[in-house]
Every structure is written in structure tokens, then in C-alpha cells.
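Asks: Show me how the following folds:
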Amino acid sequence: MRLVRRSLVICLTLAAARSAAAQGGPITIVAGRVLDGRGGSLKNATVVVDRGRILRIEPRPVERPTFSFPNGTLLPGLIDAHVHLGAYVNRNGRMHTADDGETAAQSALAGAANAHRTLLAGFTTVASIGGAEDLDLRDAIGRGEIPGPRVLTSLDPITDAGLTPEQLRGEVRRRVAAGANLIKIFASRSIRDGGAQTLSDAQLSAACGEARAAGVFAVVHAHSPESIRAATLAGCHQIEHGVFATTEVLALMASRGTYFDPQCALIFRNYLDNRKWFQGLGNFTEEGFAAMERAIPLAVAVIRNAVATPGLKLVFGTDAVAGAHGRNAEDLVCRVRQAGQRPMDALVSATRTTAEALGLSRETGTLAAGLAADLIVVSGNPLDDITALQRVVFVMRAGQVHRHDPTLAGNRTLQ
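Replies: Got it, this is the predicted structure:
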């Protein structure tokens with residue numbers, strides 16, 4: 001009965017907020033602390049939302065707010081620059097593959113569930129890079145047919161190292177014509193295969209140059225220093241992973257304005273802790289798992305070095321696959337607790353900087369008048385305890401409330 005009453009309260013408060021938005025009336029949200037995504041912080045402030053946009057931020061609490069979180073921290077919705085929404089565990093308890101017998105409907109439902117789980121965890125924007133199935137999911141969420149974060153997609157990645165530069169340009173053009181928001185390129189092997197460079201300098205220059213000409217960003221999977229250097233000198237927009245990045249290539253990325261998206265531990269721990277889902281698929285061998293085990297301290301060290309590299313644009317991406325959706329904030333905890341990043345810097349990385357990297361800084365990533373009302377509230381203060389990011393109690397995406405927990409001690413809804 002207690003669970004039923006709690007569910008009823010949540011439904012009623014969500015309905016009240018959506019009714020206010022539908023009528024064009026402003027929604028006011030008061031929080032004990034407000035972080036603006038740019039490094040600024042206010043105490044006991046109010047964010048006013050109207051018609052899906054931030055109307056203003058008031059440095060004081062208003063009377064009778066729509067939502068009140070005196071013990072919570074309000075901040076921009078978090079952004080993950082690297083997920084795989086189409087990756088899931090199938091009916092047989094294995095990672096889904098194209099030939100495992102799952103129907104298109106089952107795969108679509110799994111992708112929708114991953115998107116919803118990610119949204120409820122406080123991530124209001126993601127880049128899902130690596131699957132053509134993301135296109136329909138992106139558009140369905142964009143039309144408001146199903147709940148989820150704002151989605152950018154690369155469609156299928158470019159992986160064939162045997163393509164000529166002109167063929168690579170053609171692959172980029174085909175993806176852009178099909179609706180890709182960005183282009184994903186593999187310039188090195190998987191970490192499970194050693195991470196060596198696979199594309200030449202000429203190939204990378206062709207692919208990334210064509211992406212620039214088409215007005216989209218190229219993000220490059222690169223682990224080895226050689227592949228990172230080649231992608232950076234080719235003018236590619238963003239480097240993914242970089243487990244073997246040296247101080248020299250980190251400095252090179254900083255000097256060229258290249259964005260860097262390393263992962264801390266979630267992706268490795270998810271694979272290692274759930275071996276039965278992946279074992280025997282492709283390079284998920286004993287050697288592959290051993291390579292990921294060895295990669296964890298290297299990945300943490302790379303982030304520590306990246307944080308210490310002046311001018312390096314560090315974005316936030318988890319590479320979330322089957323089993324990791326909704327756990328994205330674990331990598332922010334790792335960045336702070338294991339890699340030594342300052343909590344505020346980690347939050348700015350996962351909001352403003354990643355919005356900039358994805359070309360969305362005029363739409364989301366900070367709290368500013370006119371931007372989309374992508375807002376979350378967490379219980380506690382993440383500047384003192386970064387694990388507060390794992391205690392999301394309120395999620396608003398483009399002015400629509402998707403999560404609200406009124407039972408959190410000290411928080412209430414006023415109408």
C-alpha cells in the first residue's frame with residue numbers, strides 16, 4: 001500500500017507540472033544550491049521555466065514554488081558524449097548481436113528502455129555513436145513519442161581500414177545524407193586487440209576533412225599515441241578513449257583545440273563484472289578481458305594527466321553498452337575519486353564542455369535564459385560528495401518533467 005501511495009503522489013505531481021507547462025504558465029524550481037554548468041554556484045536560488053525554456057534565474061527563493069528542493073542541488077542536465085543505446089542483453093542473457101534471433105521490435109523496445117533509463121539517471125542529452133538503429137530512436141524521442149534524452153547519432157561507424165581516401169569521403173557523405181549528426185571513425189584497434197593504429201594519415205585527413213566540409217563533427221576511436229597524433233594532425237574534432245595517450249599527445253590535442261573523451265572505469269568494470277554476457281563474442285576472449293583489466297589503471301592515469309594538461313578540452317563520455325545504461329554517473333565519480341579531477345571541473349566537463357563539443361552550447365549545457373530547460377536535481381551537494389550525482393530526484397528535459405521524487409526528506413511540491 002505504501003508503494004501504491006508513493007506512486008500515486010509521483011503521478012499527481014508530474015501531472016501538475018505538465019499541466020502548468022501545457023497552459024503556458026511558468027514553472028518555478030527552488031533549490032538549496034544551484035550550479036550553472038559554467039563553474040558558478042548560488043545558494044537558495046530559483047530557476048524559472050516557461051514553454052520549455054529557461055526564462056530566468058533568480059538569486060533567491062520565490063514564494064510558493066512549483067517545486068522546492070531545500071536539501072538538493074539543481075544543475076543542467078548531464079551530457080554523455082559516447083553511449084550505445086542499441087546495446088542490450090538479449091532473452092538468452094547474452095549481449096545482443098545481429099544474428100541472435102532477436103526481432104526488430106525487441107531490439108527497438110530495448111533501445112527505448114535504455115534511453116529512458118539514461119534519462120531518469122539525469123542525462124538529458126547523449127551521443128549514441130555506432131548504430132544505424134539510433135536514427136529511428138532519435139527521431140521518436142524528438143517527436144515526443146517516447147521519453148528519452150536528446151539523441152545525436154553517428155549511424156554505423158567507419159571501420160574498414162582498406163578503403164581509399166576517396167572511398168572514405170564517400171562513406172562520410174552517405175552517412176550525412178542518411179541523417180547522421182556526427183561521424184565515428186575507427187583509427188585504431190580495440191583495447192582488447194592492443195589498440196594499434198589502423199588508418200593512415202591520408203585516410204584520416206580525407207574522412208575528417210569530408211566531415212568538416214559537410215558541417216558535422218568527426219569523433220575518432222584511437223588508443224595508441226600514434227593514432228591519436230595522426231587524428232589530431234588530420235584536424236579530427238574529438239578523440240575517443242586514448243588509453244595509451246602520452247603527455248606529448250595530450251599537449252598536442254590541447255594546442256590544436258581537439259576535444260578528448262577518455263573513459264575512467266565504468267566500461268571496463270561493466271565488461272569484467274558481467275563476463276557471461278560477452279564471453280566468446282568476437283574479441284571478448286580471455287586475452288581480451290585481461291587487456292581490459294590492465295587498462296583500468298592506465299585509463300585513470302590518462303585522465304589524471306589530461307586534467308593536468310593546460311588548455312585540454314576534456315569532455316565526458318562513458319561508452320555505455322549493455323548493462324551500463326543508467327549508470328553513467330559512475331564515471332564522474334571515478335574521475336573525481338580515482339583520477340583526482342575537481343568536482344566542479346567534472347560537472348562543467350559533463351555539461352558546458354560536452355555541449356560545446358557536440359555543437360549544442362546554444363541549446364543546452366548551462367543554466368541561462370533562452371536555453372532549453374534541461375534540468376536535474378540531486379540529493380545533497382556533489383561539490384562535497386560526488387556520489388550525489390547518483391541520487392537523482394528530479395529530471396526535466398525541454399521543460400517536461402520525467403522524474404520527481406517528492407518523498408525525499410526535506411523536499412516538497414507546492415501548488
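Asks: now the helices for the stretch 301-415 of the chain?
Replies: Along the stretch 301-415 of the chain, the segments classed as helices by DSSP state H, counting those that start in this stretch run 330-337, 343-348, 354-357.
Asks: Residues contacting the longest one, please?
Replies: The list of residues contacting helix 330-337 from outside it, by C-beta atoms under 8 Å, 6 or more residues apart in numbering, reads 78, 263-266, 269, 300, 303, 316, 318, 341-343, 346-347, 349-350, 386-387, 389-390. The way it works is simple: take the backbone N, C-alpha and C, and place the C-beta from them, glycine included.
Asks: any chance of the helices of the stretch 301-415 of the chain in CSV, plus distance to residue 113?
Replies: Putting those into CSV (distance: least, C-beta to C-beta, whole Å) gives the following:
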stretch, distance to residue 113
helix 330-337, 19
helix 343-348, 27
helix 354-357, 24
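Asks: Could you point out which of those sits nearest residue 183?
Replies: Residue 183 sits nearest to helix 354-357 of all these, at 13.9 Å, using C-beta to C-beta.
Asks: what packs against the closest one?
Replies: strand 78-83 (3 or more C-beta pairs under 8 Å, 6 or more residues apart in numbering; DSSP states H and E).
Asks: report the angle between the axes of the strand it packs on and helix 330-337?
Replies: Between strand 78-83 and helix 330-337, the angle comes out at 110 degrees (axes from the mean of the first three to the mean of the last three C-alpha atoms, to 10 degrees).
Asks: Can you tell me which helices and strands the helix or strand following strand 78-83 packs against?
Replies: Next along the chain after strand 78-83, taking DSSP states H and E as the criterion, comes helix 104-120. Counting contacts by 3+ C-beta pairs under 8 Å, 6+ apart, helix 104-120 packs against helix 134-142, strand 392-397, strand 400-404.
Asks: mind listing what's buried in the following helix or strand past helix 104-120?
Replies: Using DSSP H and E, the helix or strand that directly follows helix 104-120 along the chain is strand 123-128. The neighbour-count check on strand 123-128 (16 or more other C-beta atoms under 10 Å) flags 123, 124, 125, 126, 127, 128 as buried.
Asks: So in terms of bridging, what pairs with the fifth one?
Replies: For residue 127, the beta-bridge assignment (DSSP bridges) gives partners residue 152.
Asks: Report pLDDT for it.
Replies: For residue 127, the pLDDT comes out at 98.
Asks: What of the second one?
Replies: Among the per-residue scores, residue 124 shows a pLDDT of 98.
Asks: these two touch, right, it and residue 150?
Replies: Yes - Residue 124 is in contact with residue 150 according to C-beta atoms under 8 Å; the separation is 6.4 Å.
Asks: Find residues that contact each of these two.
Replies: Overlap of the contact sets of residue 124 and residue 150 (by C-beta under 8 Å, 6+ apart) consists of 364, 374, 397.
Asks: where's stretch 237-251 relative to the chain centroid, distance-wise?
Replies: 19 Å (C-alpha atoms, centre = their mean, to the nearest Å).
Asks: and the end-to-end length of that stretch?
Replies: Counting by C-alpha to C-alpha, to the nearest Å, you get 15 Å between the two ends of stretch 237-251.
Asks: Buried residues, it. List them.
Replies: Buried, per 16+ other C-beta under 10 Å, within stretch 237-251: 237, 238, 239, 240, 241, 242, 243, 244, 245, 249, 250.
Asks: mind listing what residue 206 touches?
Replies: Per C-beta under 8 Å, 6+ apart, neighbours of residue 206: 165, 166, 168, 169.
Asks: Can you tell me which of the helices and strands packed on helix 104-120 is most buried?
Replies: strand 392-397 (a mean of 24; mean count of other C-beta atoms under 10 Å).
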